[in-house]
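S.K.: Only the shape, not the letters, is given here:
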């Protein structure tokens, strides 16, 4: 009874005490003061106390675990523990494979292992290797200038034959100017970074060779691939990228294609590319390594083949190690394009120039091409004969264009892995060489190569091959393929 | 280390500032004039935007005649420089038919194989007849001739490694080997003054790149320790492998690399060493085998040795030497071997013959004479220049001697005055060197005789007085520092 009454009464007395205290606080003398016309009530004290508490909490530093840099002993331990990978992965069987060694010039007929074989593995398209005129000009050049040029182009490495060669090439192609590089592979991967910088847009075929891929990677631009030699895919890609990037003023845009693709032998349809280029305002970079001196009525390349004026292509590059039977590369275009490369192209500025005898070989080769246009028709006939002759082959199909001098045969059905495909094709090539004395090679793929096109047998046709050589090649390939692919 | 005097630094900055200001003024007027004329770009973006080629248009084109001078004879000790004229104030240059015979202090002709040589040239011509000028195919296709196999064996023996691989161009060797050896997840530590081909190869590989101070092994050690402790950026996984890239002789400084210290540090931290002997193979060392021989480093300690044949052998091409497995692997994967035309057979024969001459296998002692000659020549020339008061960089025994110019006006002055007196020198400025440190680079050859060098020294001394580049006190005369004349507009 008492307890039941006790709690409420104690509670009420506590409450009464509290209210007395609060009213007391309110009745403190200056609690009811008026300062500057503002009534100050006692509640200001409570608010002031709250403010002090808040400020105190905010000024506390948050907890951060202390930073402890590694001590010398710890770094020593880490260095001792670290085990690097070996410099190269273990050497496997296919790496030990020996390549056939030639004992004479790599012309249409050559000597391997003491036997005379028909050579379809050199890109000697017009048969200019071993031509009298070329050898004479090389010999006189060697006797006059020695072998090397001993310096980069900017530091007394420019010999008058280089300048003559550049003017000759520009004259032959009908472009304003050209620039010589000392190696075919470095032409593309030096020219592209000179023109394309970070932020530019490049639309490129997925089957381009490693030189172009490396140049694109070094340029750090945005790269978009389209399906190999597929104009529909190119158009849809161009449409998509123009939609995405509307700032046309400051953005440089390029399409990079090869005239005759090294990895498949197909020919790029230049007239359609030019139409697309003009519609979407892209510049075109064309690599004519396998088509210079080959396509077109007088050998001026893809532009002549499709009757496109050569000034519509902004930059043309080519390696001279194919039809011209020399070495090195060149790039042609307008004066602006060529002059820009003389100072910004790393493979030109930081490297020694082309040996002078190779430049004079190139000049002589162009002279020969101009005087003998029948070489080009002979080459075209030969490639047609070979391509049609190989149509019925078992297990392989023709991936290249009929007009291309690079005949590419790929497997009809792949075995599933690149290594096994390559093994099969290499067996085929070995047997053809051993049993029938016809030298053909397979296309190789490096581990840094990003191209995904199928591997195959590459046959380089030359104008110096006779009909019997071509017949022999067709028959031997057909025989070996038949025996290899039926079992 | 190059320390530039304060007054020279000030005047150099002032000169560049003046050139920059006038260049901007001209650009402004050009923009005005172009605004009136219609542009012929038709909606395409210009090839060079804005300030990208400012340096070329406004600074380089003024002194364009000092670079790229054509010659019409082999680059031997004396050669013919073709004269050029310009009608539009150096914007374009046209060749004339006049030539002037000049002393060659600029070509890389260290052992004198540049012109037709009595032993090498007949053999080269014979090879040309037999194998023709080019093989037109890659090494793995139809481009391996018996000559190529012999060349690789000869080079491997000369350098002191079990096997070697040869490509047709030195620049491509670096650019194509580094991406194959190191991929993403590896680390490349390279010297801050390495050549552009190494920088390009490193960039193309996808690996992380770190730089250490030029020729400072202590800094290299610090960088290595830091990097191994930290691991890959962001993920902190341990590095797959670390490659340290150094050069034998640095072409812009003339210095030798501190190879023994660097090799011992790399051994301690288990990093691989890549040595680029472009300028030192054939030119230094008792028998011409490069910096390893000169500094007493065992070739088995250097994992990958690379070099070029352009400088001392008078040919073209590059090589990589290493263990047999390394070369087998590289021949299977390296793009320079799989996709590029093989080295031209006459050039290969020139290399084989040059190596035979150097080793004395041709039956004469011309090789040993050449090696002794170049060492004597370099040391004599360098000491004479230093006595005259020029600031010359580089170590003893190195055939490359840069003379500091600093001021941009002295570059064309030095070059043109020397040419007037029939001495051809090479001047280098930005961007191959830092902005303030322009220099004239002299490359001595074994083909220079004592009279040639005395004449060169006279001419350089006279021109040096005229231009005012004798920054150090000459011995035994008292010093007299002059400031160069500034380019007036």
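M.R.: Yes, it's here. What you see is a predicted model, and the numbers here were worked out from it, not measured in a lab. Residues are numbered from 1 along each chain as shown, chains lettered A, B, ... in the order given.
S.K.: SS state for residue B:321?
M.R.: Classification of residue B:321 using DSSP: H, G, I helix; E, B strand; the rest coil returns strand.
S.K.: Can you tell me what sits against stretch A:422-437?
M.R.: A:94, A:97, A:100, A:112, A:115-118, A:411, A:415, A:438-442, A:444-445, A:455-457, A:472, A:475-477, A:479-481, A:484 (Cβ atoms under 8 Å, 6 or more residues apart in numbering or on different chains). Quick note: C-beta positions are derived from backbone N, CA and C, even for glycine.
S.K.: Which ones, among the residues you listed, also lie beside chain B?
M.R.: By Cβ under 8 Å from any Cβ of the partner chain, the members of those lying near chain B are A:94, A:100, A:439, A:441, A:444, A:445.
S.K.: would you list the residues you listed in TSV and tack on distance to residue B:446 and pLDDT?
M.R.: Below are these laid out as TSV (distance: Cβ to Cβ, whole Å; pLDDT from 0 to 100):
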residue	distance to residue B:446	pLDDT
A:94	45	75
A:100	40	85
A:439	43	89
A:441	43	87
A:444	41	84
A:445	45	84
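S.K.: Select only the buried ones of those residues in PyMOL?
M.R.: The following PyMOL line selects those of these that are buried, judged by 16 or more other Cβ atoms under 10 Å in any protein chain shown:
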select buried, chain A and resi 100+439+441+444+445
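S.K.: ok, how many other residues are close to the residue lying closest to residue B:314 once chain neighbours are set aside?
M.R.: Nearest non-adjacent residue to residue B:314, counting by Cβ to Cβ, 6 or more residues apart in numbering or on different chains: residue B:113, 3.1 Å away. With neighbours defined by other Cβ atoms under 10 Å in any protein chain shown, the count for residue B:113 comes to 33.
S.K.: Could you check how far residue B:113 is from residue B:77?
M.R.: The gap separating residue B:113 from residue B:77 is 12 Å, by Cβ to Cβ, to the nearest Å.
S.K.: which strand of chain B spans the most residues?
M.R.: strand B:94-104 (DSSP state E).
S.K.: Any regions of the chain where pLDDT drops low?
M.R.: All of this is about chain A. The model of chain A has pLDDT under 70 over residues A:1-7, A:24-41, A:245-250, A:487.
S.K.: oops, I was thinking of chain B
M.R.: For chain B, the ranges with pLDDT under 70 are B:1-2, B:37-43, B:45, B:48-51, B:476-489.
S.K.: ok, which stretches of it are strands?
M.R.: Assigned by DSSP E, chain B shows strands spanning B:78-85, B:94-104, B:163-167, B:187-191, B:208-212, B:242-247, B:272-276, B:304-308, B:318-322, B:400-404, B:423-424, B:426-428, B:439-443.
S.K.: cool, and the stretch 51-200 of chain A?
M.R.: Along the stretch 51-200 of chain A, the segments classed as strands by DSSP state E, counting those that start in this stretch run A:109-112, A:115-119, A:177-181.
S.K.: Most tightly packed of those strands?
M.R.: Among the strands of the stretch 51-200 of chain A, strand A:177-181 has the highest mean neighbour count (mean count of other Cβ atoms under 10 Å in any protein chain shown), at a mean of 24.
S.K.: in its sheet, what does it sit against?
M.R.: Take DSSP bridges as the rule and strand A:177-181 pairs in its sheet with strand A:329-333 (antiparallel).
S.K.: Got phi/psi on residue A:284?
M.R.: Per-residue torsions, residue A:284: phi -110, psi 130 (degrees, to the nearest 10).
S.K.: give the contact list for it.
M.R.: Contacts of residue A:284 by Cβ under 8 Å, 6+ apart are A:254, A:255, A:257, A:273, A:274, A:277, A:312, A:313, A:314, A:315.
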